[in-house]
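Visitor: turn this into a model:
(2 chains)
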Protein chains: 2
Amino acid sequence: MNAFLQDARHVFKLDPAKFITDDDLEAVCESGTDAVIVGGTDHVTLDGVLDLLMRIRRYSVPCGLEISSMEAITPGFDAYLIPMVMNSRDKKWMMDIQHQAIKAYKDLINWNDMAVEGYCILNEDAKAFQYTNCDLPDHDDVVAYAYMAEHMFHLPIFYLEYSGMYGDEELVQEVREQLCHTQLVYGGGIASKAQAREMTKHADTIVVGNLIYLDIGEALQTVEAVNTENIARGGDKRASDNA
Amino acid sequence: MNAFLQDARHVFKLDPAKFITDDDLEAVCESGTDAVIVGGTDHVTLDGVLDLLMRIRRYSVPCGLEISSMEAITPGFDAYLIPMVMNSRDKKWMMDIQHQAIKAYKDLINWNDMAVEGYCILNEDAKAFQYTNCDLPDHDDVVAYAYMAEHMFHLPIFYLEYSGMYGDEELVQEVREQLCHTQLVYGGGIASKAQAREMTKHADTIVVGNLIYLDIGEALQTVEAVNTENIARGGDKRASDNA
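Guide: The predicted structure is shown next:
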């Protein structure tokens, strides 16, 4: 599996369908974040992905593509993240799309560049939730999904996606306690450095997305908040937790 | 993961819904087979499973339960095999039943006793195919499922199930070439020692089921056929193939 996110504590996610100025993009890439992910739900086009890739590549920050559309995949990223929506009602979003992609492109895939993300989408109002026909899981469902991600599927990443809504810290903490080898990524609704710091206590990695487009200044401050929290907790959170 | 099937080349599968005499059961258990699996599709009850377990436990052969019904699970087996039907149209048979089971029994599960089997059911007329609402995959689909079992899900076992119909040797061989860490189990329609020998050339493990009930004499001879073929191929097939 790809080590792209393995040691990342803070990640920015850029949406290829949204506009960002060169100055803001530079600030994001030079912010000290551990990685940048390119990914979105709606209107993701190859042109949009390529444009963002070329602009990000001016900087040295690691950059991965979260695959949402087969038509918008291009070489040139450090890693390719493959979402597998565990709480979708349809097998399609769990593995059938991935199956068709593997059937078509198996010989071109370098598995070392890939990382499968077991997604659990927890905001009913989110586009991604509706688009992938999700069921809203209760706490025990979510914990069981996390358990399956680690024990049944041996996935490198379990991704709690609140997509636009700040999540339930208690649940994130509970999920964290299930996972030993699988990395817990949290995304959704982080709107301040205080929230970034809070979620860093529970998740291995936090993703800041929308805030980039809503309040770039606050978004940039989440990087420092995460670093400070990590230092306060004695450096490598996972390593110390698992010791 | 459980090592129950890991070095098995020949396995007998006993159906708890079918009658077997004590003499035939003794012959099966003392045949020199590497393991016995208890499993079926229809009318699998706890009483049927317990009865078979107690009778098999008179002998030293390793014995696993392939879980088909939550109501028919009991302690006492050396291993528990969890099928995950990759070519079902429904997410239910792929992971939702398993998810509900994990949600309910997570704290009781010893993961060291478990092995997940990525199933691909290839006989349209089989009960299991219809019951789990499968789609008939073409050759490339099957190869892609095998690839996913190994690379995406890191499953210990990929199970080609022809259920009552002798399979396509060329396809089994093709699938075999995809797999490096995931073990290829073949089951279905083996009706003679010649067929057992033939499939042993391609699969890591062959499962003989129905033949026990149709022609116990021929069934018993498949054990020797597999052993002879393995010796002719220089012992451990996987080890030599992967060397």
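
Visitor: chain B contacts on chain A?
Guide: By Cβ under 8 Å from any Cβ of the partner chain, the residues of chain A that approach chain B are A:82, A:84, A:86, A:88-91, A:94-95, A:98-100, A:102-103, A:106, A:111, A:114, A:116, A:140-141, A:143-145, A:147-148, A:151-154. The way it works is simple: take the backbone N, C-alpha and C, and place the C-beta from them, glycine included.

Visitor: any quick ChimeraX command for the buried ones out of those?
Guide: The ChimeraX command for the buried members of these (criterion: 16 or more other Cβ atoms under 10 Å in any protein chain shown) is given here:
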select /A:82,84,86,88,89,91,94,95,98,99,102,103,106,114,116,141,143,144,145,147,148,151,152,153,154
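
Visitor: give the contact list for the closest residue to A:Leu46 other than its chain neighbours.
Guide: Excluding its sequence neighbours, the residue lying closest to A:Leu46 (Cβ to Cβ, 6 or more residues apart in numbering or on different chains) is A:Ala72, at 4.8 Å. The contact partners of A:Ala72, by Cβ atoms under 8 Å, 6 or more residues apart in numbering or on different chains, come to A:Pro16, A:Val44, A:Thr45, A:Leu46, A:Gly48, A:Val49.

Visitor: so can I have TSV of those residues showing neighbour count and secondary structure?
Guide: Output for these, formatted as TSV (neighbours: other Cβ atoms under 10 Å in any protein chain shown; DSSP: H, G, I helix; E, B strand; the rest coil):
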residue	neighbour count	secondary structure
A:Pro16	23	coil
A:Val44	20	coil
A:Thr45	14	coil
A:Leu46	13	helix
A:Gly48	17	helix
A:Val49	25	helix
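
Visitor: hmm, which of those is lowest in pLDDT?
Guide: Within the contacts of A:Ala72, pLDDT reaches its minimum at A:Val44, with 90.

Visitor: correct me, but it touches A:Ala17?
Guide: Yes. With contacts counted by Cβ atoms under 8 Å, A:Val44 reaches A:Ala17, the gap being 6.0 Å.

Visitor: mind jotting down where the helices sit in chain A?
Guide: Assigned by DSSP state H, the helices in chain A fall at A:22-29, A:46-56, A:91, A:97-105, A:127-131, A:139-151, A:169-178, A:193-200, A:210-214, A:216-232, A:237-242.

Visitor: the residue of chain A most remote from its centre and chain B, how far apart?
Guide: Computed with Cα atoms, centre = their mean, the maximum C-alpha offset from the centroid of chain A is found at A:Asp107, amounting to 26.2 Å. Separation of A:Asp107 from chain B (Cβ to the nearest Cβ, to the nearest Å) stands at 10 Å.

Visitor: do A:Val175 as well
Guide: According to Cβ to the nearest Cβ, A:Val175 stands 13 Å off from chain B.

Visitor: give me the neighbour count for that residue.
Guide: 25 (other Cβ atoms under 10 Å in any protein chain shown).

Visitor: not counting its neighbours along the chain, what's nearest it?
Guide: Closest to A:Val175 by Cβ to Cβ, 6+ apart is A:Ala146, at 4.6 Å.

Visitor: residue contacts, that neighbour?
Guide: By Cβ under 8 Å, 6+ apart, A:Ala146 lies in contact with A:Gly118, A:Cys120, A:Phe158, A:Val175, A:Gln178, A:Leu179, A:Thr182, A:Leu184.

Visitor: by pLDDT, give me the weakest of these.
Guide: Among the contacts of A:Ala146, A:Gln178 has the lowest pLDDT, at 91.

Visitor: quick one: residues contacting A:Asp141.
Guide: Listed by Cβ under 8 Å, 6+ apart, the contact partners of A:Asp141 are A:Asn87, B:His99, B:Lys103.

Visitor: again, only this time at 7 Å
Guide: Taking Cβ atoms under 7 Å, 6 or more residues apart in numbering or on different chains as the contact definition, A:Asp141 lies against B:Lys103.

Visitor: likewise A:Ala144?
Guide: B:His99, B:Ile102, B:Lys103, B:Lys106 are the contacts of A:Ala144 under Cβ under 7 Å, 6+ apart.

Visitor: and chain A, which of these reach it?
Guide: Contacts with chain A within those, as defined by Cβ under 7 Å from any Cβ of the partner chain: B:His99, B:Ile102, B:Lys103, B:Lys106.

Visitor: do you know how far A:Cys180 is from A:Ala149?
Guide: Using Cβ to Cβ, to the nearest Å, one gets 11 Å for the distance from A:Cys180 to A:Ala149.

Visitor: and these two? which has more neighbours close in?
Guide: Just comparing A:Cys180 and A:Ala149: by other Cβ under 10 Å the higher neighbour count belongs to A:Ala149, 29 against 10.

Visitor: isn't that one right up against A:Phe158?
Guide: Yes. Counting by Cβ atoms under 7 Å, A:Ala149 touches A:Phe158, with 4.3 Å between them.

Visitor: any residues in contact with both of these two?
Guide: A:Gly118, A:Thr182.

Visitor: what about the residue nearest to A:Leu46, distance to chain B?
Guide: For A:Ala72, the distance to chain B equals 20 Å [Cβ to the nearest Cβ].

Visitor: over to A:Ala232?
Guide: Distance, A:Ala232 to chain B, by Cβ to the nearest Cβ: 32 Å.

Visitor: tally of neighbours for that residue?
Guide: For A:Ala232, using other Cβ under 10 Å, the count is 11.

Visitor: swap in A:Leu136?
Guide: 12.

Visitor: which one is it nearest to, not counting chain neighbours?
Guide: Closest residue in space to A:Leu136, ignoring its immediate chain neighbours: A:Glu124 at 5.4 Å, by Cβ to Cβ, 6+ apart.

Visitor: same thing with A:Glu30?
Guide: Nearest residue to A:Glu30 in three dimensions, chain neighbours excluded: A:Tyr59, at 6.1 Å (Cβ to Cβ, 6+ apart).

Visitor: quick one: that neighbour from A:Ala3, how far?
Guide: Counting by Cβ to Cβ, the gap from A:Tyr59 to A:Ala3 is 19 Å.

Visitor: cool, A:Met148 as well?
Guide: Distance from A:Met148 to A:Ala3, by Cβ to Cβ: 23 Å.

Visitor: rewinding a little: is the residue nearest to A:Leu136 in contact with A:Asn133, as I believe?
Guide: No. Using Cβ under 7 Å, A:Glu124 is not in contact with A:Asn133, being 11.8 Å away.
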